[in-house]
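# structure for the following, please:
(one chain, ligands or ions: 1)
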Amino acid sequence: MSEPSLVTRDLTIRFGGHVAVNQVSCAFHPGELTVIVGPNGAGKTTYFNLISGQLTATSGQVLKGGQNLVGLSPSARARQGVGRAFQLTNLFPQLSVLENIRLAVQARSGHGWRLLRRADSFTELTRKAEHYLEATRLSGVAHTTAAALPHGDQRKLEVALLMAMEPDIYMFDEPTAGMSLDHAPDVLDLIFQIKADPTKTVLLVEHKMDVVRKLADRIIVLHNGELLADGAPEEVMSSQIVRDVYLGTATEETA
Ligand SMILES: Nc1ncnc2c1ncn2[C@@H]1O[C@H](COP(=O)(O)OP(=O)(O)OP(=O)(O)O)[C@@H](O)[C@H]1O
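Take a look at the predicted model:
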């Protein structure tokens, strides 16, 4: 197997006396989509926050290319290639879809978020932005303001912004939450597209078992902040301990 693109080693966070993530060691690889599942309160989002930098670990490491990212801000981690989709936080609501994507391309290219003076740089950025616009099938709403987009297109725009940042680690926390059945397949298609690139690593937190089945190359199960199981989807889903702790009850609720 390829070298891991991201490793968490004994990753732990305590909130007072409560250990929300407890010594989680896991290696993630390029070309692999790992879904993180577990019952409510298992520590999935906290684990994500520790990787993307919204939270700082009490102990343990987040290693990328041999560098420990613990202590770096979320934006510093994004510059290191750890990209996380966040609902609306990176959007400029009054700018058009194309302008939003162009700003993300610009930030990635090292021009920051300033207005550009040089016309040739601008054209190059627009060309790249149009590429992501097409990849996410948002060309039809290129000139619509982000604020005026329907919810489903806003979620696609979030994926477009993430793609424009060209991360090598993609993180999605319940990417279809709150979406209608019409729009969910579009966003799942985009994740399929990303996963098809063998240089990208995808991490996904997901409750919906149909989405897990559709996308997962590998499943890890968290329970009470600990890593309970890790393996191929069919192996993990059929293991007795996982069925007892999680799937036995959760599939009925969420499938
Ligand atoms: N900032 C915080 N301060 C105190 N406790 C916290 C904090 N953030 C999370 N927790 C606790 O850590 C535990 C794990 O929470 P987390 O949100 O990571 O679970 P989850 O698996 O993502 O749950 P869900 O599926 O419901 O989103 C919970 O007991 C939660 O109450």
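
# excluding chain neighbours, what is closest to the residue nearest to the spatial centre of the chain?
For the chain, the residue sitting closest to the mean C-alpha position, by Cα atoms, centre = their mean, is Met171 at 1.5 Å. In this structure, Met171 finds its nearest non-sequential neighbour in Arg84, 4.0 Å apart by Cβ to Cβ, 6 or more residues apart in numbering. C-betas here are computed from N, CA, C, even on glycine.

# ok, Thr201 next?
Distance criterion Cβ to Cβ, 6+ apart; nearest residue to Thr201, sequence neighbours excluded, is Ser5 at 4.4 Å.

# mind listing what that neighbour touches?
28-30, 64, 168-169, 201 (Cβ atoms under 8 Å, 6 or more residues apart in numbering).

# change it to 7 Å
Each residue near Ser5 by Cβ atoms under 7 Å, 6 or more residues apart in numbering is listed here: 28-30, 168-169, 201.

# does Tyr47 count as helix, strand or coil?
helix (DSSP: H, G, I helix; E, B strand; the rest coil).

# what number of residues lie near the residue in the stretch 51-200 of the chain positioned nearest to the ligand?
Residue of the stretch 51-200 of the chain nearest the ligand, by Cβ to the nearest ligand atom: Leu55 (7.4 Å). By the criterion of other Cβ atoms under 10 Å, Leu55 has 18 neighbours.

# is it in contact with Asn49, as I believe?
Yes. Using Cβ atoms under 7 Å, Leu55 makes contact with Asn49 at a distance of 4.1 Å.

# follow-up on the earlier one: looking at the contacts of Ser5, which are in strands?
If you go by DSSP state E, the contacts of Ser5 have 28, 169, 201 in strands.

# give me the domain ranges for this structure.
Residue ranges of the domains in the chain are recorded as 1-81+167-255, 89-166, according to automatic domain parsing.

# now the strands for the stretch 51-200 of the chain?
Under the criterion DSSP state E, counting those that start in this stretch, the stretch 51-200 of the chain carries strands at the ranges 59-64, 67-68, 82-84, 169-173.

# list the buried residues for the helix ranked longest in the chain?
When the chain is parsed with DSSP state H, its longest helix is helix 119-135. For helix 119-135, burial by neighbour count (16 or more other Cβ atoms under 10 Å) applies to 125-126, 128-130, 132-133, 135.

# identify, from those residues, the entry nearest to Leu149.
Sorting those by distance to Leu149 puts Leu133 at the head of the list, at 12.8 Å, by Cβ to Cβ.

# wait, what's in contact with the closest one?
Going by Cβ under 7 Å, 6+ apart, Leu133 touches 97-98, 101, 139, 142, 160.

# among those residues, name the buried ones.
Using 16+ other Cβ under 10 Å, the buried members of the contacts of Leu133 are 97-98, 101, 160.
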